[in-house]
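In: Let's see this in three dimensions:
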Amino acid sequence: MNVKLRVITTGVLFFTGQFVMAQKAKNDTVTKEHKIEEVVMVGFGQKKTVQELTGAVGTMKSDAIKDVPVASVDKMLQGRISGVQTGNASGQPGGFASVRIRGIASVNGGVNPIYIVDGIRVQSGDLTSGATTANILANLNNDDIESITVLKDASSTAVYGADAGAGVIVITTKSGKKGKPKISLNFESGTNSRAISGLEGLNTEQYRHLLNYSIANAYGFDPTEVSTMASQGSWPTGTFTTGTIATLKNIYTTNNDTNWRDVTTRSGYQNSINASISGGNDKITYYNSANYFLQESELKGSDFKRLGFTSKVDYEASDRLKMGTDIQLSYSRINTLPNGGGFANPILFELFARPTDPAYNADGTYYLGTAGRLSNNLFNSGYTQENNYFRASTARVFGNIYGEYKILKNLSYRMVFGAELNNIENDTYYNPIHGDGYQVNGRKTESTGRYFNWNFQNIINYNFKFGEKNRFNISAIQEAYQRNFRFVAGQGVNVGSPNLETLSNFIKPIYARGERSKSSRNGYAAIFNYDYDKLILIDASLRKDALSNFTEGQKWGTFYSVGAGIDLARLQFVKDWNEISQFKLRASYGKVGNTISSTPYSLYEYTLNYNDLPAGTMKYVYNPDLHWETVKPLSLGVDLGFFKNRLKVTAEYYSKKTEDLVFSVPLQISQGLPIPSDSDQTYPFMDINVGSLVNKGFEFTVNYDIIRKDELTLSIGGNLSTLKNEITSLYGGQDIIIGSTILKEGEGIGTFYMRKWAGVDPTNGDPLWYKNGVDGETTNKYADADVAVQGRAFSNLFGGVNINTSYKNFTLSALGTFGFGGQVLNNWGAYTQSDGQYTYSYPGSTDALDFWTPSNPNAANPKPIYGNATSSNRTSTRYLAKTDYLRLSNIRVGYRFDAKMLRGTGMQGFEVYVQGNNIWTHRYDKNLRFDPENNLNTTNNLNLPVQKTYSIGFNIQF
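Out: Predicted structure coming up:
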């Protein structure tokens with residue numbers, strides 16, 4: 001009997017298969033009941049059914065994965081698995097996303113979940129250098145993925161040891177199945193635009209209006225007089241310089257009214273093609289696929305392309321021996337744009353460029369301004385987007401091979417070897433005609449980073465029974481992992497021929513540098529599982545890891561977990577309640593680690609010293625006691641199933657404490673120690689283990705198959721998570737202020753620390769702040785207001801809701817996501833709403849237009865003053881916005897042609913569908929002008945916008 005199930009929720013999984021379980025009824029007769037069990041992948045190739053789990057695990061299957069038209073797996077988890085938060089670093093196609101599992105595991109950046117693909121640890125994140133960005137996970141084809149499993153607690157992650165503190169994401173790719181060859185083709189095409197419009201620039205009329213009042217308030221003019229004086233160039237003596245008078249005259253007399261967003265944007269396009277063939281027999285199964293993916297953002301010059309190939313073969317040589325191999329080849333190219341706070345960032349340019357400057361000449365070519373610059377000294381972003389590039393090309397080769405030999409009936413040995421080669425070429429080019437390369441007649445930077453990593457595993461597994469109900473499983477694991485990195489880079493200026501964009505064509509070298517590094521890890525682990533008739537479950541694991549980065553005496557770390565569960569539904573008195581099909585209580589606790597990027601060694605670097613002679617200088621301070629950060633997760637959960645598991649409910653509590661946090665402790669400059677060249681610190685420092693934090697929260701998941709009929713199905717599901725992050729101890733108990741945030745005992749990471757905005761004085765338009773930083777008395781003097789804690793950046797309540805239904809041949813699926821409790825700082829608000837300080841040079845956004853006048857006393861902004869002596873635009877909660885939101889993240893409507901319709905075509909299946917991604921977003925705070933699912937950071941930084949996608953596609957099976 002073949003049982004085929006379609007994934008109809010993302011929170012509950014179903015696996016193709018069947019099993020027979022004997023169940024004792026009240027009358028002591030034995031009946032056989034067919035059930036379909038959910039199977040998930042856990043550590044080191046082990047599979048478990050949901051009934052056997054004591055840990056906290058969430059999974060997505062292939063049917064849910066294919067509904068998400070994004071470039072990489074890290075961008076598809078939001079709202080689909082409880083306890084998981086993701087945030088796009090930007091809307092850059094092919095860019096990486098931050099992923100957090102049950103909170104923030106460390107105060108240090110770079111502590112992220114580890115990714116396991118087909119049992120092998122792979123690299124993740126942005127591996128590029130310089131101005132480019134790319135996500136190595138975007139080289140993995142989503143259509144080749146069978147399942148994604150998120151391991152969240154100690155019972156699930158401790159077997160991975162030293163760097164599993166932030167969680168583990170296990171990716172299993174598709175395999176072939178016995179039977180005749182199956183061919184699958186998928187094509188999808190769509191358009192991309194901004195999911196959130198964002199801040200909008202001023203048009204010419206609005207710009208002049210804002211200037212009128214800014215100048216009038218500064219010099220005591222009537223606003224209506226400013227236009228006349230500016231147009232005529234007749235100002236009272238000493239008001240402005242000759243150059244400013246000329247510029248103002250042009251602003252007020254020109255007919256130009258440029259919408260710079262129209263200049264920097266286009267209609268983004270998205271296209272994907274996937275083809276696969278799979279099949280096999282009793283001895284060998286295979287899966288081969290090829291894929292092409294293209295995604296353009298709305299902004300010119302921003303896109304991602306990928307071409308990939310996968311081949312997976314499993315061979316059963318005998319009853320005792322199985323072996324297989326998996327090869328993944330891919331090549332990708334990403335073109336990025338300057339992100340964040342650079343003036344070359346087109347998002348910033350839209351707000352800073354004057355609408356009174358033209359974008360094009362009369363002949364349609366780009367207007368490049370006087371002396372190569374626009375009137376406010378900026379470059380025409382339309383030209384630089386088309387003629388500069390920030391490009392990263394990645395070639396990835398991944399392969400693994402395994403062999404499994406059954407030594408005895410219950411004793412087996414498994415060997416796995418995997419290797420990954422990532423070669424990333426970064427090219428940055430500034431043209432010699434216009435832009436940042438103009439002054440040096442062109443600039444070119446080329447670099448190559450090569451990562452070669454290998455992973456070797458030896459696994460012995462022994463399982464046995466004691467009686468009919470006592471099942472034991474014991475595994476012993478040895479694992480070795482090595483990371484090799486090599487990097488070379490060079491830069492040159494003054495291009496010989498503008499059409500030759502190779503580094504050798506730039507005749508003046510600026511620098512050439514290179515580096516290489518190697519790190520290795522060796523680990524031993526043991527796993528113990530006990531199962532009493534699926535009623536009582538006990539799991540335990542122990543792992544010892546050695547890391548080459550640490551000094552002798554600190555290389556080894558010990559990590560462990562214990563977990564237990566009991567399914568009360570298997571007890572007779574609960575069986576009497578026919579409605580209850582599962583009632584499992586479970587708990588786990590353990591210790592895992594965070595591998596930090598700091599070094600304990602006293603390293604030296606060579607620099608050019610006096611008279612260009614090489615000299616060695618100390619780079620880091622020796623600390624032989626530096627070691628892993630340790631994470632101690634506690635997890636308590638209950639899994640409920642009703643009505644033969646048509647309704648499933650999971651509730652969990654977790655507490656994850658991180659100890660021995662690594663902090664950079666300042667040292668006295670008088671000690672003669674230098675500041676490391678690659679550090680952003682302003683003082684010498686030493687890294688030490690001190691401090692702790694804790695993440696606590698609840699997770700709830702509900703999935704309900706409401707209707708199960710031949711022609712009609714309906715299921716709904718959802719998950720909700722809470723999170724409280726708190727720093728429990730710091731070095732010396734001292735607060736650490738980092739820009740507009742603070743690390744403080746009793747507060748969480750990402751806590752804002754600034755003055756509190758009290759609004760605008762309706763009587764005179766002055767800015768107001770609360771004197772004590774909280775409430776009560778106000779002041780119009782920025783310096784007289786105290787700084788105070790002003791809430792946190794990250795959502796403390798988040799989740800998603802999904803619905804899946806089908807009627808005859810029609811299918812519909814939708815996912816909504818939400819988040820509450822977070823804030824984000826518009827760190828460019830001082831410029832975009834400058835209250836007159838920068839309005840002349842950089843117009844800003846339309847948000848600045850709601851300013852105080854006698855006829856508008858309840859305005860959002862104070863009266864604008866040219867030069868702004870009131871400091872009203874300095875950092876305060878004025879530029880904070882709540883990130884509470886609801887979003888329709890995905891909706892998909894499809895039609896499947898039945899067998900009668902396809903008769904004679906040779907096709908076994910055909911589906912056509914339309915879908916949308918991020919098509920609707922509700923923001924509760926009207927002041928939130930950015931995407932609420934930002935990069936889990938405290939500031940927006942005017943990053944490239946997240947994309948909204950509409951697409952149409954079809955699937956064909958032969």
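In: contacting residues around residue 636?
Out: 586-587, 652-654 (C-beta atoms under 8 Å, 6 or more residues apart in numbering). All C-beta spots, glycine's among them, are computed from the backbone N, C-alpha and C.
In: hmm, 10 Å instead?
Out: 56, 153, 585-589, 651-655, 698 (C-beta atoms under 10 Å, 6 or more residues apart in numbering).
In: Dump these into a markdown table; add neighbour count as well.
Out: Formatted as a markdown table, the contacts of residue 636 follow (neighbours: other C-beta atoms under 10 Å):
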| residue | neighbour count |
| --- | --- |
| 56 | 29 |
| 153 | 31 |
| 585 | 14 |
| 586 | 24 |
| 587 | 19 |
| 588 | 28 |
| 589 | 19 |
| 651 | 15 |
| 652 | 22 |
| 653 | 15 |
| 654 | 25 |
| 655 | 17 |
| 698 | 17 |
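In: ok, so of those residues, who is nearest residue 174?
Out: Distance to residue 174 across the contacts of residue 636 (C-beta to C-beta) is lowest for residue 56, with 25.7 Å.
In: still on that earlier bit, would you list the contacts of residue 636 in CSV and tack on secondary structure, distance to residue 407 and pLDDT?
Out: Output for those, formatted as CSV (DSSP: H, G, I helix; E, B strand; the rest coil; distance: C-beta to C-beta, whole Å; pLDDT from 0 to 100):
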residue, secondary structure, distance to residue 407, pLDDT
56, coil, 33, 93
153, coil, 32, 95
585, strand, 37, 97
586, strand, 32, 96
587, strand, 34, 97
588, strand, 31, 97
589, strand, 34, 97
651, strand, 42, 97
652, strand, 38, 97
653, strand, 42, 98
654, strand, 39, 98
655, strand, 42, 97
698, strand, 45, 98
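In: what is the rounded mean pLDDT of stretch 570-579?
Out: Average pLDDT, stretch 570-579: 85.
In: And it, what's buried?
Out: 570, 575 (16 or more other C-beta atoms under 10 Å).
In: again with stretch 746-759
Out: 747-759.
In: which one of those residues sits closest to residue 572?
Out: Nearest member of these to residue 572, counting by C-beta to C-beta, is residue 748, at 47.0 Å.
In: Kindly state the pLDDT recorded for the closest one?
Out: pLDDT recorded at residue 748 is 94.
In: Distance check, the closest residue to it other than its chain neighbours against residue 99.
Out: Distance criterion C-beta to C-beta, 6 or more residues apart in numbering; nearest residue to residue 748, sequence neighbours excluded, is residue 725 at 3.9 Å. To residue 99, residue 725 is 16 Å away according to C-beta to C-beta, to the nearest Å.
In: how about the strands in the stretch 601-750 of the chain?
Out: Using DSSP state E, counting those that start in this stretch, the strands of the stretch 601-750 of the chain run over residues 604-608, 614-618, 629-642, 647-659, 662-666, 685-689, 692-708, 712-722, 724-729, 736-738, 741-743.
In: Can you get me a residue count around residue 490?
Out: Residues near residue 490, counting by other C-beta atoms under 10 Å, number 18.
In: one step back: would you mind naming the residues that bridge with the residue nearest to residue 748?
Out: residue 695 (DSSP bridges).
In: from what I can see it touches residue 655, true?
Out: No: with contact defined as C-beta atoms under 10 Å, residue 725 does not reach residue 655; the gap is 11.5 Å.
In: Need the overlap of contacts for these two.
Out: Joint contacts of residue 725 and residue 655 (C-beta under 10 Å, 6+ apart) are 102-103, 694-697.
In: Out of the residues you listed, grab the one that's most surrounded.
Out: Among these, residue 102 has the most neighbours (other C-beta under 10 Å), with 29 neighbours.
In: ok now do that one, which residues does it touch?
Out: Contacts of residue 102 (C-beta under 10 Å, 6+ apart): 56, 82-85, 150, 152-153, 166-167, 631, 633, 635, 652, 654-656, 695-697, 699, 721, 723, 725.
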